[in-house]
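S.K.: only geometry, no sequence info:
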């Protein structure tokens, strides 16, 4: 009796942990271990070809922090991130609100916005490569035809970021649109009807009812696109056929820099791992900032915030 | 994934050393022992097109005990990553692994993980420079040569005619002269009358041709890499300045970076009149310049011969059937087989005997005005005399130079002097 009692108590106490254990075991194997191991690699002189050459402490970190290229890469990453995420968010909300309206062939339009997302990034880069070619590209041909100067898409740092951001937006706007659309459809219709009955215009309803009720979803999308945006690799790497980020690293991001250190010309995994850890720390810093902002929003808003949270789920 | 592979390297390196030790104590098991009838399955990993598909069947017909399992990677980059991670890990590679000449600096660093393939049966089979590039300082042959990329000069005879230059390929070869200055001087004559058409595609393509003619571009020793500080490397600095002077001041360059969309599209628009042309580039030009008439190839190359690209076969020491693998690799790279591969996929042979084969010498290329490309490229292959030494950091330094040239020639953001100063700093950051 005692034994059975004890067993069932143990069962009640431990079962929840056992149920969630698979995730944490998997995370430890493919998330935590590589993270810590990368930290160990970063503390050694470590060649891709010949392996570990001995412990050197924080030498790799000070090397990376000393490189103007690293800081260029940080600036490029944030620039491309802002140029892609901000317009993407605005356009996604706008398209979602159009799709939320009473359209004919709803499913067709809703699936349509997702089409760019399923196009392979390589194909996207081929198409955009022809659009943004400096001498023979479609966009520069149009610009010169209407009497403007052609843009140095691969020679001007800012314009290369615009071009890459447009590739990112092409791919991800539809995805975010669907998330916003789902959130909009979860907004109780009576709230919107009440606003309409009160005589609010469509714009006013949108900005004062719909958008505030989307706030938790906006925060979610901001956080996920921050994590994705700071690790951006595919689009800038495929922006030209060399994948280095241009002759003066005009569009090299941090992930491209760490790839160049580890697998590019230097074959130096130690330095590469140090750059990876620095990127990790930057993302953690951002996550903390995001968390603080989220906390602020939920504490300053009192009661309505709670209903909004329910909406988000 | 990568870190775990590399972690395995430390323990596996010991095993690989033991295996390598075996293969050095009996240098050439494949060459000395007669093939047994024991059943073996050999895996052969290649990339792109080696032209071996029909050869495998031919080999297994005469060697019924052998089963060949081919593996083909889509790109050489994919193959490269696979090769070096598994070489370091000590297991997982195929019995025969194809490599590209650009991997050689890394391959040489890991030569102890590869079988020594040297033997009387293959002595003198390849052009000297091809075999020398795969031989370690202590005389170990780590790879059998397959194809090469001997370089000639491709040109647009129609554009030459408009600018009043000779058009016949023999005369063009004479007019091109022997030195880079000759080549640039003919270019100046051309652009004076060409109406905006440039002489060559881009400055870095010229650098690629010239740097491979220096026996030791970046290192002061050719047994071990001792990098010469870039600011003290006068031959390279002179090369850099003369190429950029010709490209920018004399307007010989079309300011195009090879493989970029602008470069690909420029073939249709006829933006430049000549190109340094390894054998495999003929197909690239034909594809990009579809419908354009006037391309031809001259049996000449400025500054002596030049080679760009080419591949090898290696037998990793981690393999279980090294003797049988060596036998197959030696057979695949024999002149007779390489000629068949050439006929199938156009991989230009590196074997001396193959270069005088009527099958090769008779080849003409209709797109290049029926030029006898077989004969021309065979002559170009024999004109190569220099085997440039490329140490572990070679491509890192070469990359710094490419960037420096492209900042002046392609993006036009810097002067030659400023870009050089930046390159010197980037060079120092490699250390």
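M.R.: Alright, I've got the coordinates. All values reported here derive from a predicted model rather than from experimental measurement.
S.K.: spatially central residue in chain A, please.
M.R.: Centroid check for chain A by CA atoms, centre = their mean gives residue A:228 as the closest residue, at 2.3 Å.
S.K.: how about it, nearest residue that isn't a chain neighbour?
M.R.: Using CB to CB, 6 or more residues apart in numbering or on different chains and skipping residues adjacent in sequence, the residue nearest residue A:228 is residue A:172, 7.9 Å away. Any C-beta I mention is one placed from the backbone N, CA and C, and that applies to glycine too.
S.K.: that neighbour: what's it in contact with?
M.R.: A:84, A:88, A:117, A:225, A:228 (CB atoms under 8 Å, 6 or more residues apart in numbering or on different chains).
S.K.: filter those residues to the buried ones?
M.R.: A:84, A:88, A:225 (16 or more other CB atoms under 10 Å in any protein chain shown).
S.K.: just these: which are in helices?
M.R.: With DSSP state H as the criterion, helices contain A:84, A:88, A:225 from among those.
S.K.: following the helix or strand where residue A:177 lies, which helix or strand comes up?
M.R.: Assigned by DSSP states H and E, residue A:177 belongs to helix A:157-185. Sequence-wise, the next helix or strand downstream of helix A:157-185 (DSSP H and E) is helix A:189-197.
S.K.: next SSE downstream of that following helix?
M.R.: helix A:202-205.
S.K.: what's the mean pLDDT across that next one?
M.R.: Across helix A:202-205, pLDDT averages out at 88.
S.K.: for stretch B:344-352, same thing?
M.R.: Per-residue scores along stretch B:344-352 average to 91.
S.K.: buried sites along it?
M.R.: B:346-352.
S.K.: how much space between residue B:200 and residue A:269?
M.R.: 38 Å (CB to CB, to the nearest Å).
S.K.: out of those two, which sits in the more crowded spot?
M.R.: Taking neighbours as other CB atoms under 10 Å in any protein chain shown, residue B:200 and residue A:269 compare with residue A:269 leading, 28 against 25.
S.K.: you'd agree the more buried one is up against residue A:259?
M.R.: No - Residue A:269 lies out of contact with residue A:259 (CB atoms under 8 Å); the separation is 11.1 Å.
S.K.: chain A contacts on the stretch 51-200 of chain B?
M.R.: B:81, B:84, B:88, B:106, B:109-110 (CB under 8 Å from any CB of the partner chain).
S.K.: now a ChimeraX select for only the buried ones of those.
M.R.: The buried residues among those can be selected in ChimeraX (16+ other CB under 10 Å) with this line:
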select /B:84,88,106,109,110
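S.K.: now the residues of the stretch 51-200 of chain B next to chain A in a markdown table, with secondary structure?
M.R.: A markdown table is the format used below for those (DSSP: H, G, I helix; E, B strand; the rest coil):
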| residue | secondary structure |
| --- | --- |
| B:81 | helix |
| B:84 | helix |
| B:88 | helix |
| B:106 | helix |
| B:109 | helix |
| B:110 | coil |
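S.K.: before we move on, back to that, quick one: the residue nearest to the centre of chain A is in a helix?
M.R.: Yes - checked against three-state DSSP, residue A:228 lies within a helix.
S.K.: quick one: pLDDT of it?
M.R.: Taking residue A:228 on its own, its pLDDT is 88.
S.K.: among the buried residues of stretch B:344-352, which are located in strands?
M.R.: Judged by DSSP state E, strands contain none of the buried residues of stretch B:344-352.
S.K.: nearest to residue B:339 among those?
M.R.: residue B:349 (6.4 Å; CB to CB).
S.K.: now residue A:220: how far from residue A:228?
M.R.: 13 Å.
S.K.: state the pLDDT value of residue 46.
M.R.: All of this refers to chain A. At residue A:46, the pLDDT value in this model is 91.
S.K.: nope, chain B please
M.R.: 94.
S.K.: repeat that for residue A:259.
M.R.: 92.
S.K.: run a quick neighbour tally on it.
M.R.: So residue A:259, with other CB under 10 Å, has 20 neighbours.
S.K.: for it, identify the helix or strand it belongs to.
M.R.: helix A:254-263.
S.K.: tell me what the following helix or strand past that helix is packed against?
M.R.: Downstream of helix A:254-263, the first helix or strand assigned by DSSP H and E is helix A:269-300. Secondary-structure packing of helix A:269-300 (3 or more CB pairs under 8 Å, 6 or more residues apart in numbering or on different chains; DSSP states H and E): helix A:33-42, strand A:44-47, helix A:59-66, helix A:68-100, helix A:215-230, helix A:254-263, helix A:303-312.
S.K.: least reliable of the ones you listed by average pLDDT, please.
M.R.: Among the helices and strands packed on helix A:269-300, helix A:303-312 carries the lowest mean pLDDT, at a mean of 42.
S.K.: helix, strand, or coil at the residue nearest the centre of chain B?
M.R.: Nearest to the mean C-alpha position of chain B, by CA atoms, centre = their mean, lies residue B:309 at 1.1 Å. Here residue B:309 is strand, with the state taken from three-state DSSP.
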